[in-house]
Structures are given as structure tokens and as C-alpha cells.
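A.B. asks: What would the 3D arrangement of this be:
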Amino acid sequence: MTALLLNDATLLDGTGADPRQHVSLLAEDGRISKIAPAGSISAPDGARIIDCGGRVLMPGLSDAHVHFGLTAGSDHDAPESHVSYVLKVAENIRIALDEGFTTVRDAGGLDPAYAVAVAEGQIPGPRILPSGSFLTQTGGHGDQRHRWTDEPQHSLPGLVAHSEICDGVDAVRRAARTQIRRGATQVKLMASGGIMSPTDPIESLQFTVEEMAAAVHGAQAYGLYVMAHCHTTGAMENALAAGVRCIEHGSVMEERVARQMAQQDAYLVPTLVIIEILARAGGVPDFSRQKLDMVRGEMRTSLATARAAGVHIASGSDLLGPRQSRRASELAEKAKELGAMAAIVSATQTNARLFRMEDEIGTLEQGKLADLILVDGDPLADIAVLSDASRIVLVAQAGVVVKDRL
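C.D. replies: Next comes the predicted model:
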């Protein structure tokens, strides 16, 4: 592997520390071997040397809530071929890497085969931590059947991961084990109603504590964990009682739940940008629009409540559809509430801890994988630069340059 020397960068290391100007970074064998003042590192023979020109050097970004596999533009899209579906998924994956995301966690709907394809170099993309199929109850969020239809869609292992509809402790346990067998690195289940699902109120409580606990125990037996879709306080309380480690959305959170999350060392992945996208979109059904308006009015207050309680705040975008782009717009929305630095840390160091990969990624430190991006602009002054793929001028994964606009 060719060594990589990046000279004269402004280092934003992902820990929350102030930027350091005029820094050089050397990556060897895929890992960061030296970080020192510019001009003080000698390049090994054959190294690739890049002059950063003072641009901001950061850890590769990460997204803890992606849906690469949910490619439909709307519920009214005509059926498509499997070839068309695969091409759309691959394009979503490629776009994320081009935008500077070097690790992502799938939040359901992506078959683990795509993670393998990326790892083996068959398609370019970020490192993917797949969840496989959502686990949902009959009539829950993720059960997309019309009221007058009982026939569920079936997954095609190795290609398509549709929702797994399961009811009862044994069925949930079996479904969780099935996703793990197929390659899931965590299990995703639905604990509350959802905005876009057709039959469930947002405040509905989905899965019993005992059902969710079966998924948790099944995951923990493999050293894995469960993440749960929760919009409301009641759903979060049930999920935490079952041992769920990560709450997705957390839209309507009371102080007692935030304190409980902090006590249990649980993580919150707020998803702000998708709410703003849906709020501006046309064609949202009235039933969903009512749920959307309720969630939108509470989400930012809940984020402040979680922060005040000391909850770990991670970062996920929840983008949907084909050609998913401007993924870092989630950071711009989060920065409105937390500030730019905290938003960046949520998508670097905190996500790495959530993924249990803090020894490998998330910060630019000696010994870690050389997953990094070079930004033409100052994200602390204008975090929107991270949403513009043209301003992400260099991306490296494990020391290999995969994008170079210099």
C-alpha cells in the first residue's frame, strides 16, 4: 500500500478540540502513523504527497441512519425490475462516498450483501454496517400493506430486504436471529408509529417490552445490539426497558426519558433533515401530514432535552428515495441547535462510539484508520460546506485516495 503524506492542512480532528493550522499527516499501511507540524515529516520512498494548501482536514464523516435500499420516490412509483433497483442502491452508496461519508450504519431495508460488495471492492462506497430487514409487528411502522391486503412482500436474501412482520416473543427472536445469520451488524425494530406508514397513529406503541427484549437478547448473544424507531415517550420507555441501546428519532422526549437514556448509556440518533424535506414536499397524504406536523413541532425541543440530560447524541440523516444527496445537511440542521462543532463531533467521534469502532475511526489520531476528507472551506464558520460534494475535494479510506479533485 502506498504511503500518503498530506502537507500543510488545518486539522479538525473530530474530538471537539480547536483546529490546528499548518499540520501534516502521514498514513502508512492504511493507518495514521504521524501527525506533526507542516514540513517536519519526511515522506517515505514512493509516498504520494498532497499539498493541502491550508484546507481543513477532517475524519471521514459517518451517518448512523441511512436507507440506501429504500429507493422508491413515493408509494405510487410503478414496480421496477431488480436490475433497476440494484443500480439505484449502488448509486446511493456511491453518492455517499463522494460526499465524504466513509462509514454508515444502515437503519433497515438494505440487504447485507451490499455491505459485502463494498468491502470486496465490487462497488465504491462507504463502509456499511447493515441491519437487513426491519422488524415490525402486524400493522406497525414498516408494514406497508394496504388495509385490504394481507399478503406481505417477501425478502430475496442477497438482493432485497423487505420488512419482517413478526408477532410474539418467539417470532421476534427468530426474526432477529435471521437478520444476524444474513449478516446484520445490529438489529432494527419499530417501537412506535411512523410518519409515512399508512395505518398506524404516531403515538401507537409497537411490540411489547417482552418482544423487544427477545430481539435484544438475541443480538447480545452475538455481541450485537438493537436500535429502535421511537417517536414518542412511551415507545422510548418500552424500548429502554427492553434493553435497546440506540433510540432513532426520539422526536417527543420528556425529561424523565432523557435521564433514563443517560443512565443506561443509550444513544440518540435525531433525524432532523428528513423532517424538513418532507415538510417542503408535495404529495404527502393528509394522515401522514398530521403526524409530520406533530413531530416537526417537538423534535428540536426534544434534542435540547436530551443534550441537557447528557445523552450521547449521534448523527443520522434518514434520507429516502433514489439519488440520495446532500447527506451532510443533517449536520447543518443539528448545528442550529447544538453549534457546528458539536454537530461535527456527532458525525465523527460519537458515531464511532455508537458503532463500537472508536478504536478504528471517528477521529484523526495516530494508529487509527486513515479515513479522512479534505474540505475546501471552513465548516466551523459555515457548516453548509459539508453538504456540497464539490467542496469535499479529497476522500481517503484506510489511506487509499478514492476521490481527488485537487
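A.B. asks: would you say Val402 is within a helix?
C.D. replies: No - under the criterion used here (DSSP: H, G, I helix; E, B strand; the rest coil), Val402 is strand, not part of a helix.
A.B. asks: what about Asp143, distance to Glu333?
C.D. replies: Asp143 sits 29 Å away from Glu333, going by Cβ to Cβ, to the nearest Å. In this view, the C-beta of every residue, glycine as well, is placed from N, C-alpha and C.
A.B. asks: Just give the nearest non-adjacent residue to Val385, would you?
C.D. replies: Leaving aside its sequence neighbours, Val385 sits nearest to Gly377 (Cβ to Cβ, 6 or more residues apart in numbering; 3.5 Å).
A.B. asks: Enumerate every residue touching that neighbour.
C.D. replies: Counting by Cβ atoms under 8 Å, 6 or more residues apart in numbering, Gly377 touches Val56, Val385, Arg391.
A.B. asks: Hmm, Pro379 and the first one touching each other?
C.D. replies: Yes - taking contact to mean Cβ atoms under 8 Å, the distance of 6.4 Å between Val56 and Pro379 places them in contact.
A.B. asks: shared neighbours of the two, anything?
C.D. replies: In contact with both Val56 and Pro379: Leu12, using Cβ under 8 Å, 6+ apart.
A.B. asks: what residues does the strand or helix carrying His229 touch?
C.D. replies: Using DSSP states H and E, the element containing His229 is strand 226-230. With contacts defined as Cβ under 8 Å, 6+ apart, strand 226-230 is touched by 107, 131, 134, 141-142, 176, 186-192, 194, 212, 215-216, 219, 235-236, 239, 242-250, 269.
A.B. asks: One more pass at 7 Å, please.
C.D. replies: For strand 226-230, contacts defined as Cβ atoms under 7 Å, 6 or more residues apart in numbering pick out 107, 141, 186-192, 194, 212, 215-216, 219, 236, 239, 244-250.
A.B. asks: For the helix or strand just after that strand, list the C-alpha coordinates in CSV.
C.D. replies: On the C-terminal side of strand 226-230, the closest following helix or strand by DSSP H and E is helix 233-242. The C-alpha coordinates for helix 233-242 follow below in CSV (Å, rounded to 0.1, in the frame of the first residue of the first chain):
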residue,chain,number,x,y,z
THR,A,233,-42.0,9.0,25.1
GLY,A,234,-44.0,5.8,25.7
ALA,A,235,-42.2,3.9,22.9
MET,A,236,-38.8,5.1,24.2
GLU,A,237,-39.7,3.9,27.7
ASN,A,238,-40.6,0.5,26.5
ALA,A,239,-37.5,0.2,24.3
LEU,A,240,-35.2,1.2,27.1
ALA,A,241,-36.9,-1.2,29.5
ALA,A,242,-36.2,-4.0,27.0
